[in-house]
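Student: return atomic coordinates for the entry below.
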Amino acid sequence: MKAADKTNVMRLLEQKKIPYKAYEYESEGAISGTEVAEKLGQNPAQVFKTLVTTGKSTTHYVFVIPVGAGLDLKKAAKAVGEKSLEMLKQKDLLPLTGYVHGGCSPIGMKKALRTTLDASAEHFGTIIFSGGRIGVQVEVAPADLARLVRFQMADITTDLIHR
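Tutor: Residues are numbered from 1 along each chain as shown. Next up, the predicted model:
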């Protein structure tokens, strides 16, 4: 990949000397995560999406879950010690994180937000998630991701997919 095509996510991974694999796919705007997994020919259980929520306390939280699963707001709220959570409004995503819908990555947000990775990530040596731009994904080992993003692991999904 040419240096000009690299995203900030890739630059941050390289700064920390974290091994990663980059994937590119054609897309006319944001598509579903399962469509991304299909375009990449990858197991949807190993491809993750990044969701941002707002707690009852108005604190923002990031949840990284498999693309075929849904975020269980009750489990997620419990994991971060909130009474309740709601999804961040799409118009608020870019100002808060620096990312657009469909290109949000847990790496390189404008400010560090408390992040929870779904426990299913433990089943894989690596997981795939947004590289910070629509059409770009990166594959990183969860242990290596922990060198860049402080996160906890918890069971935070609804069972839409079989693990």
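Student: quick one, helices of the chain?
Tutor: Assigned by DSSP state H, the chain shows helices spanning 8-15, 33-40, 73-80, 90-97, 142-145.
Student: neighbouring contacts of the shortest one?
Tutor: Outside helix 142-145, the residues that touch it by C-beta atoms under 8 Å, 6 or more residues apart in numbering are 18-20, 106-107, 117, 121-122, 124, 126-127, 151. All C-beta atoms are positioned from the backbone trio N, CA, C, and that covers glycine.
Student: got a PyMOL select line for the buried ones in the residues you listed?
Tutor: Entered in PyMOL, the line below selects the buried ones among those, by 16 or more other C-beta atoms under 10 Å:
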select buried, resi 18+20+106+107+117+121+124+126+127+151
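Student: so which of the contacts of helix 142-145 is the closest to Phe48?
Tutor: Phe48 has its nearest neighbour among these in Ile127, at 5.2 Å by C-beta to C-beta.
Student: my guess is that closest one contacts Lys49. True?
Tutor: No. Look at Ile127 against Lys49 with C-beta atoms under 8 Å: they stay out of range, at 10.8 Å.
Student: common neighbours of these two, please.
Tutor: Shared contacts of Ile127 and Lys49, defined by C-beta under 8 Å, 6+ apart, are found at Val64.
Student: least reliable of the helices of the chain going by mean pLDDT?
Tutor: Among those, helix 33-40 carries the lowest mean pLDDT, at a mean of 93.
Student: pull out the buried residues from it.
Tutor: Result for helix 33-40 [16+ other C-beta under 10 Å]: buried residues 33-34, 36-37, 39-40.
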